[in-house]
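Visitor: Take this sequence and fold it.
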Amino acid sequence: MSRTVVLFVVLAVAAAAPMAAAQRNTADSSIAKDRVFRQSVLSTGKNVPAKPKWGFFGTIFTVILEQINETKSAYNQISDLVNNNFADDNAVPATTDATTNTTEATKITRKEFLQILDRNLKGLARLRNLEWREAKKDSRANLKEYWNEIFSGKKTRSTR
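Guide: Numbering: from 1, shown residues only. Modelled structure (predicted):
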């Protein structure tokens, strides 16, 4: 029960965060800016175009478009960050600078990263298979124990 509540709260915050971050100016500042603009345009004798009213579906469409644009921007920024943290396959490792006593951050190649990832996935597969075999073995022992308990009326002591 508590996990579902926590999950619901996390999802609600994740859904509301982009909307809260993308909020426009407050109504007062927007109205004041619009009033100043209209007064300056009227003083020059030009016509003031009315702001189009989008309605419900127009507003929903606008929100969806803004969300798509923000998602694209975030994806591009994350892609750039990830790509900048990999070294080229034929790059020469950086040497230390004797005058400043600093080194560049260590970068690995994509090939090395994929090898590490492959090793980790193989290890996880071996662990999963081991756990699966142990679970099946324990299940057989538990079924045998329950069968004896139900049909023979004897309760056997667990050897575990």
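Visitor: Just after the worst-scoring helix or strand of the chain on mean pLDDT, pick out the following helix or strand.
Guide: The least trusted helix or strand in the chain, going by mean pLDDT, DSSP states H and E, turns out to be helix 2-21, with a mean of 69. Sequence order places helix 27-44 as the next helix or strand after helix 2-21, per DSSP states H and E.
Visitor: where's that following helix relative to the chain centroid, distance-wise?
Guide: 41 Å (C-alpha atoms, centre = their mean, to the nearest Å).
Visitor: Show me what whatever helix or strand comes next after it is packed up against.
Guide: The element immediately downstream of helix 27-44 (helix or strand, assigned by DSSP H and E) is helix 55-84. On a contact count with 3 or more C-beta pairs under 8 Å, 6 or more residues apart in numbering; DSSP states H and E, helix 55-84 meets helix 2-21. C-beta here means a position set from N, CA and C on the backbone, and glycine is covered the same way.
Visitor: how near is Val10 to Ser43?
Guide: Going from Val10 to Ser43 by C-beta to C-beta, to the nearest Å gives 53 Å.
Visitor: and if you look at Lys72?
Guide: 41 Å.
Visitor: That concludes my questions; thank you for your assistance.
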